[in-house]
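Peer 1: Return atomic coordinates for the entry below.
(2 chains)
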Protein chains: 2
Amino acid sequence: MIRQGGRLKSRFLDACLRKPVDATPVWFMRQAGRYMSEYRALRKKHTLLEICHTPELAVAVTLQPLARLGVDAAILFSDLLIPLGPMGIDFDFVRGEGPKIDNPVRTSADVERLRDFEPREALGFTMEAVRQLRVELEGKVPLIGFAGAPFTLASYLVEGGSSRSFEKTKALMYSDPASWHRLASKLASVVQKYLLAQIEAGAQAVQLFDSWAGALAPQDYRELVLPHSRAVMDGLQDASVPVIHFATGSSGLLPLLREAGGDVIGLDWRIDIDRGWDMLGADVAVQGNLDPAVLLGPPELVRRRADDVLTRVGSRPGHIFNLGHGVLPSTPVETVEDLVEHVHRTTAR
Amino acid sequence: MIRQGGRLKSRFLDACLRKPVDATPVWFMRQAGRYMSEYRALRKKHTLLEICHTPELAVAVTLQPLARLGVDAAILFSDLLIPLGPMGIDFDFVRGEGPKIDNPVRTSADVERLRDFEPREALGFTMEAVRQLRVELEGKVPLIGFAGAPFTLASYLVEGGSSRSFEKTKALMYSDPASWHRLASKLASVVQKYLLAQIEAGAQAVQLFDSWAGALAPQDYRELVLPHSRAVMDGLQDASVPVIHFATGSSGLLPLLREAGGDVIGLDWRIDIDRGWDMLGADVAVQGNLDPAVLLGPPELVRRRADDVLTRVGSRPGHIFNLGHGVLPSTPVETVEDLVEHVHRTTAR
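Peer 2: Have a look, this model is predicted:
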């Protein structure tokens, strides 16, 4: 355990605050997942929800990629939908189709029925996993907690699952803005308390996933989404841990994501990282941004594309290397290992 | 029929060339489609492929929205996949799932098997529809022809249908770039000849739909896609009709789309139109860019969001008002009518 003045010495945490680092930190969204044989073996015995609801299993899965990949952070294994359960939403995961919600939210009455709750109790299994993880990690790498942002959670609630066009969500936003704002502010309150509880339990950084915000026009994001994401961010300020704000397909929204908040903005691969960073401003850290599909190609190509990202970043402080979205299930694990090693070696100072 | 010096007087064609117009021209992608009762009635009797393959039906559907909406251009009713048939690809449309290809392209041998063909013969039904449409339209509004761009067509061929992540297409691009380039250049040749045949038959403008190019990182678009789209564009230069180049989710690719070519660049709604136009440069016309989902909201909101687009455009010459993608099937037809009238009235000079 390496500590400096009582604080964990971590290149990931330093990069979040744009401090000098000995090498560019690397972690991956879905770094624990179906691409790893260890994970597939455990999933044969347990459902996704069982893993999320059982601290020992969530801890085991969270730890799976750490030794093997040499990444610079652990991310709690859970699912974006977990905090919807105590709100009164019934859901499950259907193989090949993703989440299915039995009682989607479509009317103002549906919105009113959503319950507020105390995450320390109702999601005690998550907080217990966080506490156990801090013990297991022994200070070697920091632990990232996470939650979905109000728009992304609302889109699952209203659509009843995944969506391509978010038609029902947008129809609610446009046709009944009062119910939309009530829904989004209920979610903002839940998400804020959920993230604060994770931090209290030991999470050393948190990521707010607004995975689907890129489906929105800037004007809609500005009026209907930004105030709720900013409410979450404002509530986290006193917690004094770095906050990462991430959305895919958000190349046209970057100044607004910045405005909503976050110490680090996560970029997907659909924009050159230097152009995206220029739009965000130099006074924020940036996480990203290799296309996860590149890892389906040969290792030489992966290294070349990683070098392109690193060259574009240059000497800017505050870069956290990541993919632009989660690791794809068909990714060879050796390619991921090689990528971590390559980024560390190339950027070692 | 209004002609000036033998040329059709059209605010749509003038705007494509950034000439002064009496009001901002309006047309919509999928302006003929499931949101119209006339179309749904015809689809009860005929499949999508029957309509595409039968000139009289394609003509009837193309004309359906014209009188009702007051749009400034007609667009040939057809499907992006039509030119794949004579290449030796078997496909159909499955209700609720979109296109399904029976024999997807996955190997270099699959690519070699794809046949070149003469569109004037093999797609004679499309050319006949174009000729009949020119007669029916009586010069009132110009007729837009269209085709899918090489990447978008290739993505259907390789995935075997629609896709969210384009994993198989990207895996081919990365793992076997020689086969990818052979596939994309075969498609570029087919698309170019197909568009030239439509122009010869009477299309007065054409749109190249690279609908899914926004899934690509700029570096991948630059190396693996741009050369093939540019080959199509170069082959159209002597035809002297305006060419519209459109891709959704392309906010991070705009300078590269511009580089690939087109007199008009179509923007989706994920970027403010003025910011997008700034990235493209003032010397190109721009089409767009209202979110089609906005039309699921009340007419006042639609007008307000349309005004936002028009205000951002300001006095720049060369704006064609359109949605950022096709009209959604659940759109009320009255909202579409009202939008056309609103844009014309607001911008009348």
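Peer 1: Now do the one helix or strand A:Ser185 maps to: distance to the chain's middle.
Peer 2: Assigned by DSSP states H and E, A:Ser185 belongs to helix A:177-201. Relative to the chain's own centre, helix A:177-201 is displaced by 16 Å; criterion: Cα atoms, centre = their mean, to the nearest Å.
Peer 1: same question, stretch A:220-238
Peer 2: Here the centre of stretch A:220-238 is set off from its chain's centre by 16 Å, with Cα atoms, centre = their mean.
Peer 1: tally of neighbours for the residue of the stretch 101-250 of chain A at minimum distance from chain B?
Peer 2: Relative to chain B, the nearest point of the stretch 101-250 of chain A is A:Tyr174 (2.7 Å; Cβ to the nearest Cβ). Every residue, glycine included, has its C-beta placed from N, CA and C. Using other Cβ atoms under 10 Å in any protein chain shown, A:Tyr174 has 21 neighbouring residues.
Peer 1: A:His83 is in contact with A:Asp116, isn't it?
Peer 2: Heads up, residue A:83 is Pro, not His. No. The criterion here is Cβ atoms under 8 Å, and A:Pro83 misses it with A:Asp116 at 11.0 Å.
Peer 1: For the two, list the residues in contact with both.
Peer 2: A:Val190 (Cβ atoms under 8 Å, 6 or more residues apart in numbering or on different chains).
Peer 1: before we move on, the earlier item: quick one: name whatever helix or strand follows the helix holding A:Ser185.
Peer 2: Past helix A:177-201, the next helix or strand by DSSP H and E is strand A:205-209.
Peer 1: The stretch 51-200 of chain A: strands as residue ranges?
Peer 2: A:74-75, A:91-94, A:98-101, A:143-148 (DSSP state E, counting those that start in this stretch).
Peer 1: what about the longest one, average pLDDT?
Peer 2: Taken as a whole, strand A:143-148 carries a mean pLDDT of 98.
Peer 1: Please apply the same query to stretch A:29-47.
Peer 2: Throughout stretch A:29-47, pLDDT has a mean value of 97.
Peer 1: list the buried ones in it?
Peer 2: Going by neighbour count (16 or more other Cβ atoms under 10 Å in any protein chain shown), the buried part of stretch A:29-47 is A:Met29, A:Arg30, A:Gln31, A:Ala32, A:Gly33, A:Tyr35, A:Met36, A:Tyr39, A:Leu42.
Peer 1: Check the gap between the fourth one and chain B for me.
Peer 2: This points to A:Ala32. With distances taken as Cβ to the nearest Cβ, to the nearest Å, A:Ala32 is found 19 Å from chain B.
Peer 1: Would you confirm that that residue contacts A:Ala58?
Peer 2: No. Assessed by Cβ under 8 Å, A:Ala32 is found out of contact with A:Ala58, at 9.5 Å.
Peer 1: any common contacting residues for the two?
Peer 2: Overlap of the contact sets of A:Ala32 and A:Ala58 (by Cβ under 8 Å, 6+ apart) consists of A:Phe77.
Peer 1: Turn the buried residues of stretch A:29-47 into TSV, including secondary structure and distance to A:Gly214.
Peer 2: Formatted as TSV, these follow (DSSP: H, G, I helix; E, B strand; the rest coil; distance: Cβ to Cβ, whole Å):
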residue	secondary structure	distance to A:Gly214
A:Met29	coil	15
A:Arg30	coil	18
A:Gln31	coil	22
A:Ala32	coil	24
A:Gly33	coil	22
A:Tyr35	coil	24
A:Met36	coil	28
A:Tyr39	helix	27
A:Leu42	helix	32
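Peer 1: Whether stretch A:264-282 contacts chain B - can you check?
Peer 2: Yes. On the criterion Cβ under 8 Å from any Cβ of the partner chain, stretch A:264-282 is in touch with chain B at A:Trp269, A:Arg270, A:Ile271, A:Asp272, A:Arg275, A:Gly276.
Peer 1: okay, now whichever residue of the stretch 201-349 of chain A sits closest to chain B: neighbour count?
Peer 2: Per Cβ to the nearest Cβ, A:Gly297 is where the stretch 201-349 of chain A lies closest to chain B, at 2.7 Å. Residues within reach of A:Gly297, counting by other Cβ under 10 Å, total 21.
Peer 1: Also A:Leu143?
Peer 2: Residues within reach of A:Leu143, counting by other Cβ under 10 Å, total 23.
Peer 1: who touches the closest residue to A:Ala293 other than its chain neighbours in this structure?
Peer 2: Setting aside the residues directly before and after it, A:Ala293 is nearest to B:Lys170 in space (Cβ to Cβ, 6 or more residues apart in numbering or on different chains), at 3.8 Å. Contacts for B:Lys170 (Cβ under 8 Å, 6+ apart) come out as A:Asp291, A:Ala293, A:Val294, A:Leu296, A:Gly297, B:Asp220.
Peer 1: Confirm the last one sits in a helix?
Peer 2: I take that to be B:Asp220. Yes. Applying DSSP: H, G, I helix; E, B strand; the rest coil, one finds B:Asp220 inside a helix.
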